[in-house]
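A.B. asks: Sequence plus the predicted model coming up.
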Amino acid sequence: MKYRLIPSLLRNKYLLTGVGFTCWMLFFDDRDIITTHFRQRQELHKLEQSLNYFKDQIKITEEELLSLESDPARLEKYAREKYKMKKDNEDIFIVPDQ
């Protein structure tokens, strides 16, 4: 008797299984649509920021390279400061910054 009070649509085991599976995939699974979409948008934002950072670094490096190629005195200064290069008759004393 109580079985007949439930509409036939809610008694369909295939429909109930499909609805349950859909709810599980949308909200509860590890790869659910909502959380995955949020994580991917966050990762995309981080990657875009790092892309902009590296584009800026490339621009700065290219400008530095251009200035080093055009000025031999600047190239010598850069080599001495960055790579601790010296001439044969010189001694280098490195004083750490305090």
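C.D. replies: Received the coordinates, thanks. Computed from a predicted structure; not experimentally measured.
A.B. asks: Quick one: low-confidence residue ranges for this structure.
C.D. replies: Filtered on pLDDT under 70, the chain yields the residue ranges 1-3.
A.B. asks: Check which helices and strands the longest helix seen in it sits against.
C.D. replies: Using DSSP state H, we find that the single longest helix of the chain is helix 33-70. In this structure, helix 33-70 makes packing contacts with helix 72-83, judged by 3 or more Cβ pairs under 8 Å, 6 or more residues apart in numbering; DSSP states H and E. Just so you know, the C-beta spots here come from the backbone N, C-alpha and C atoms, and that holds for glycine as well.
A.B. asks: which parts of the helix it packs on are buried?
C.D. replies: Neighbour counts over helix 72-83 (16 or more other Cβ atoms under 10 Å) mark no residue as buried.
A.B. asks: Give me the helices and strands touching it, please.
C.D. replies: Checking 3+ Cβ pairs under 8 Å, 6+ apart, helix 72-83 ends up next to helix 33-70.
A.B. asks: and the helix it packs on, how far from the chain's centre?
C.D. replies: 9 Å (Cα atoms, centre = their mean, to the nearest Å).
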